[in-house]
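Asker: model the structure of this input:
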Amino acid sequence: MSNQTELAWAAGFFDGEGSTTAGHYRDRNHLQRQITMSVAQIDIIPLLRFKEAVQGGNIIGPYQQKKTQLGRKEQWRWRTAGKDVKVILDKLWPYLCEPKKVQATEALQRYENWVPTKIEWNFDLPE
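Answerer: From the prediction side, this is the model:
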């Protein structure tokens, strides 16, 4: 199959199963911005195909579901973060559906407009 065919498949797969998110995490006493793309599946095969199509990201897992979710199977996750998100989105963009384009655009805007700040804690946290 051609690379364009595989990218079209990958975009459709991501439309249905993936997400692009932006947020922050604590790094010592500062909040750091983070943007990620991810897809979770119980079968690793589609994730391997996706990773090959987009030429990036990592597959991690399998992860056991929480004990409160009885009957849930282990999950594998494809994930990428930081500057690689834009590179992969650029490859998928022509084939993504409108809601995923909106989700990605909003995540990129949150990421690009993030201003790191010092955290003012009212209590002591373990290091």
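Asker: hey, which helix or strand in the chain has the poorest pLDDT?
Answerer: In the chain, no helix or strand scores lower on mean pLDDT, DSSP states H and E than strand 18-27, which sits at a mean of 88.
Asker: any stretches of the chain with poor pLDDT?
Answerer: 66-71, 116-127 (pLDDT under 70).
Asker: quick revisit: pull the distance from the least confident helix or strand of the chain to the chain's centre.
Answerer: Centre-to-centre, strand 18-27 and its host chain are 8 Å apart (Cα atoms, centre = their mean, to the nearest Å).
Asker: now stretch 63-82
Answerer: Centroid separation between stretch 63-82 and its chain, computed with Cα atoms, centre = their mean, is 14 Å.
Asker: which SSE is immediately downstream of the strand ranked longest in the chain?
Answerer: Counting residues, the longest strand found in the chain (DSSP state E) is strand 30-41. Using DSSP states H and E, the helix or strand that directly follows strand 30-41 along the chain is helix 44-54.
Asker: identify the bridge partners of the residue nearest the centre of the chain.
Answerer: Nearest to the mean C-alpha position of the chain, counting by Cα atoms, centre = their mean, stands Met37 at 1.8 Å. Met37 forms beta bridges with Thr20, Thr80, as assigned by DSSP bridges.
Asker: any idea how far it lies from Lys91?
Answerer: Distance from Met37 to Lys91, counting by Cβ to Cβ, to the nearest Å: 11 Å. Bear in mind the C-beta positions are built from the backbone N, C-alpha and C, glycine included.
Asker: go on, Gln75?
Answerer: Computed as Cβ to Cβ, the Gln75 to Lys91 distance reads 24 Å.
Asker: residues in contact with the residue lying closest to Gly18 once chain neighbours are set aside?
Answerer: In space, Gly18 comes closest to Val39 once its chain neighbours are excluded; the distance is 4.2 Å by Cβ to Cβ, 6 or more residues apart in numbering. Shown in contact with Val39 (Cβ atoms under 8 Å, 6 or more residues apart in numbering): Phe13, Phe14, Glu17, Gly18, Ser19, Leu47, Phe50, Arg77, Trp78, Arg79.
Asker: ok so, going back, helices or strands next to the least confident helix or strand of the chain in the packing?
Answerer: If contacts are counted by 3 or more Cβ pairs under 8 Å, 6 or more residues apart in numbering; DSSP states H and E, strand 18-27 sits against strand 30-41, helix 98-112.
Asker: thank you, goodbye.
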